[in-house]
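> What follows is a predicted protein model with its sequence.
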Amino acid sequence: MAFSLTSEQSAELEQIVARYPVKQAACIPLLHLCQRANGNWISDEVILFVAEQLNLSPSHVTGVVSFYSLLNEKPPGKHQVWVCRTLSCALRGSEAILKHCEKRLGIKSGETTSDGNVTLRTAECLASCGSAPMLQIDEKYHENLTVERLDTLLESLRSEPKGTP
Amino acid sequence: MLNRTDLIIKSQDRTDGQSISEYIAAGGYGAAEKAFSMPREAVVNEVKAAHIRGRGGAGFDCGIKWGFMPQPGARPHYLVVNADEGEPGTFKDRKIMEQNPHLLIEGCIIGCYAIGAHACYIYVRHELHLAKERLWTAIEQAKDKGYLGKHPFGKSYPVDIWVHTGAGAYICGEETALLNSLEGKRGEPRLKPPFPAQAGAFDCPTSVNNVETVAAVTLALRSGGDAFSRMSLLHEFNDGGVRLFGVSGHVKRPGIYEAAVGLTLRELIYDLGGGILDDRPMIGVIPGGSSCPILLPSEIVDVPGDRRFEPFNGKSVLDLPMGVDTFRSIGTMLGTCCAIVLSDAADPVLACRNLMQFYKHESCGQCTPCREGCGWLDRLLEKIVAGTATMNELNLASEVASNIAGNTICAFGDGAAGPMLAFVQKFRASFEDYIQSGGSKQTRRLAL
């Protein structure tokens, strides 16, 4: 099925394109917009849509998507969790944080829970070194983590039981 | 000398950030108004007098960089602010954007005027959602006040600022990779020349400056360039003003601290950072982001033939004022001025491995020595840590690193090779222990 944006999202697209002297510059912001509108991933349909909107070749857009780690080439879980693993966080215990996430979620880093609720990944330095260890859940940073706080955070991500509205 | 200031982050502990009314009440946007009443060249001269060394890591003088911009002509000029903060250990720009965004926005307005640009893009890494939100809000507020738009401060010199976002790639912090990314391409660094001042964003004259550098421009115009420079203890080294110092890792009070340029590592780690966790001994410190070769506390300053170093020669490197040129002279770099501290609980081999995993992951793959070399280093370190490497392979690691350095389009290769070589050279016994006994004498952990 062809990908399309709502009229509100189309208005945002127009605003984005207007910021730049050339349309191509809107490529990454537009990919972000479409990714949000498409369940957090870039399908072939999204690539064709972006290429058409910006007069680019689909191969150019594919090249851009494959370059950047935050443009998902596969659908991730409903929530995305990134545990920072780089040195400053590692010195403050990020390895234990990651292991605890893996244990609690029952998956390895890079995997998605079987209910499709959470994707767990490691991240390279998230510029939060003074408040390590930390992780990012969707768009929010959680800093100065302890295992206890981590449990509360992971608990809050559990999918709602079936039958709730 | 420890000389704390609060010019950049007045709102240090304000998680809600500084509002525009508070900012204006404290003299905010006065510097931009002043700049708009001066000739363009005079603004550049003030910035030159301030000796603002690039805060993004390379340490290039901001005023000199702006002086490279051609006279405004037929082609538009662009100011691009590098807010793609991602150098491991570095977390200072985020603080400015989240807590004092107007200081940056004011600097962008001044910068546009100084280099003949009417458009500024702030390239923020995608993960920094709060920073982006605060910047967009600040831009709207500044527009409402008439500081931005068609007639800033009543002058017919239009200025527009937009936030642009990346999509997760450390290499986009390299200025030409950032420009490619801004143009909607893969973030691969460009060959130089041409330099951005000749052909940057959209093939037009462009200056790319770090967030903190642009914020410092506001302060320089506010106090006067020379007065700003003289706040530094390294004014004599043309390294002026105040800056943010970060400290992370095994210290009691990790964080961002603002002080006059010329603070020492000892002051940063022990006075501001509160000393080492559990009062353990420190085995090393990476002075300014992971690409800067690690320093041992036992290293001594020895820079003959330069009278400016006379007071420091023979002292520990921990007592050398932190400056771009002072640190270059002792075989490392000041980088982003955010130190990572390792106590004796940290295994230096594992620390090296952690960083090389980073470089392997983030190499853009454009240049063979870096793409293959970083992968090779990672695999060799994996073997070393597993206790299955030979002494020849340890030497090979240094050889591979040496063959990356200087053989790539951008500085990423050197940024990976430098720390690798320094770790092996300075912690040789620990690496050899892994080869001989699987690291039986090492802590084999990073966290306490």
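Perfect, thanks for sending it. Numbers count the residues shown, from 1 in each chain, chains lettered A, B, ... in the order given.
> Can you give me the neighbour number for residue 137?
Using chain A. Neighbourhood size, residue A:137 [other C-beta atoms under 10 Å in any protein chain shown]: 16. Every residue, glycine included, has its C-beta placed from N, CA and C.
> Chain B, not that one
As a burial measure, residue B:137 scores 15 neighbours (other C-beta under 10 Å).
> Could you measure from the residue lying closest to it once chain neighbours are set aside over to chain A?
The shortest distance from residue B:137 to any non-neighbouring residue, by C-beta to C-beta, 6 or more residues apart in numbering or on different chains, is to residue B:101 (7.4 Å). In this view, residue B:101 and chain A are 16 Å apart by C-beta to the nearest C-beta, to the nearest Å.
> And residue B:96, by the same measure?
Separation of residue B:96 from chain A (C-beta to the nearest C-beta): 12 Å.
> Verify the contact between that residue and residue B:210 for me.
No - in this structure, residue B:96 is not within contact of residue B:210 by C-beta atoms under 8 Å, at 10.0 Å.
> that older thread, how much space is there between the residue nearest to residue B:137 and residue B:28?
11 Å (C-beta to C-beta, to the nearest Å).
> Which of these two has more residues huddled nearby?
Ranked by neighbour count (other C-beta under 10 Å), residue B:101 and residue B:28 place residue B:101 first, with 27 against 23.
> pretty sure the more buried one contacts residue B:138?
Yes - between residue B:101 and residue B:138 there is a contact at 3.9 Å, judged by C-beta under 8 Å.
> Find me the pLDDT at the residue nearest to residue B:137, would you?
Here the pLDDT value assigned to residue B:101 is 96.
> One more: residue B:421?
At residue B:421, the model reports a pLDDT of 98.
> so where does it fall, helix or strand?
helix B:412-426 (DSSP states H and E).
> Show me what that helix packs onto, helices and strands only.
For helix B:412-426, the packing partners by 3 or more C-beta pairs under 8 Å, 6 or more residues apart in numbering or on different chains; DSSP states H and E come out as helix B:348-362, helix B:368-386, helix B:391-404.
> Residue B:378: what's it in contact with?
Residues in contact with residue B:378, defined by C-beta atoms under 8 Å, 6 or more residues apart in numbering or on different chains, are B:353, B:356-357, B:359-360.
> Residue A:138 now?
Contacts of residue A:138 (C-beta under 8 Å, 6+ apart): A:79-80.
> repeat that for 10 Å
Going by C-beta atoms under 10 Å, 6 or more residues apart in numbering or on different chains, residue A:138 touches A:40, A:78-82, A:157, B:129.
> How about the secondary structure of the residue of chain A most remote from its centre?
No residue in chain A sits farther from the centre than residue A:21, which is 28.2 Å out by C-alpha atoms, centre = their mean. Under the three-state scheme (DSSP: H, G, I helix; E, B strand; the rest coil), residue A:21 adopts coil.
> Deepest-packed of the helices and strands packed on helix B:412-426, please.
Of the helices and strands packed on helix B:412-426, the one with the most neighbours on average (mean count of other C-beta atoms under 10 Å in any protein chain shown) is helix B:348-362, at a mean of 24.
> And chain A, is it touching that?
Yes - applying C-beta under 10 Å from any C-beta of the partner chain, one finds helix B:348-362 in contact with chain A at B:350-355, B:357-359, B:361-362.
> Between helix B:391-404 and that helix, find me the angle.
Counting by axes from the mean of the first three to the mean of the last three C-alpha atoms, to 10 degrees, helix B:348-362 lies at 40 degrees to helix B:391-404.
> for helix B:348-362, what is the average pLDDT?
Rounded mean pLDDT across helix B:348-362 is 98.
> ok, residue 134 - contacts?
Picking chain A for this. Taking C-beta under 10 Å, 6+ apart as the test, what residue A:134 contacts is A:82-84, A:88-89, A:92, A:94, A:97, A:123, A:126-128, A:141-145.
> hm, I was asking about chain B
Residue B:134 neighbours (C-beta under 10 Å, 6+ apart): B:16-18, B:96-102, B:104, B:128, B:163.
> From the contact counts, what lies against the lowest-mean-pLDDT helix or strand in chain B?
In chain B, the helix or strand scored least confidently by mean pLDDT, DSSP states H and E is helix B:20-25, which has a mean of 93. Packing partners of helix B:20-25 (3 or more C-beta pairs under 10 Å, 6 or more residues apart in numbering or on different chains; DSSP states H and E): helix B:101-115, helix B:129-144.
> just checking, what packs against whichever helix or strand comes after the first one?
So the one you mean is helix B:101-115. Using DSSP H and E, the helix or strand that follows helix B:101-115 in sequence is strand B:117-124. Counting contacts by 3+ C-beta pairs under 10 Å, 6+ apart, strand B:117-124 is packed against strand B:77-83, helix B:93-99, helix B:101-115, helix B:129-144, strand B:160-165, helix B:175-182, strand B:206-210, helix B:211-223.
> strand partners of the fifth one, parallel vs antiparallel please.
By that I understand strand B:160-165. Strand B:160-165 sits in its sheet next to strand B:117-124 (parallel), going by DSSP bridges.
> Distance check, the nearest residue to residue A:143 once chain neighbours are set aside against residue B:246.
In space, and not counting its chain neighbours, residue A:143 is closest to residue A:131: 3.5 Å by C-beta to C-beta, 6+ apart. Counting by C-beta to C-beta, the separation of residue A:131 from residue B:246 is 11 Å.
> shared neighbours of these two, anything?
Joint contacts of residue A:131 and residue B:246 (C-beta under 10 Å, 6+ apart) are A:88, B:91, B:254-255.
> For those residues, which entry has the maximal number of neighbours?
When neighbours are counted by other C-beta under 10 Å, residue A:88 leads those with 35 neighbours.
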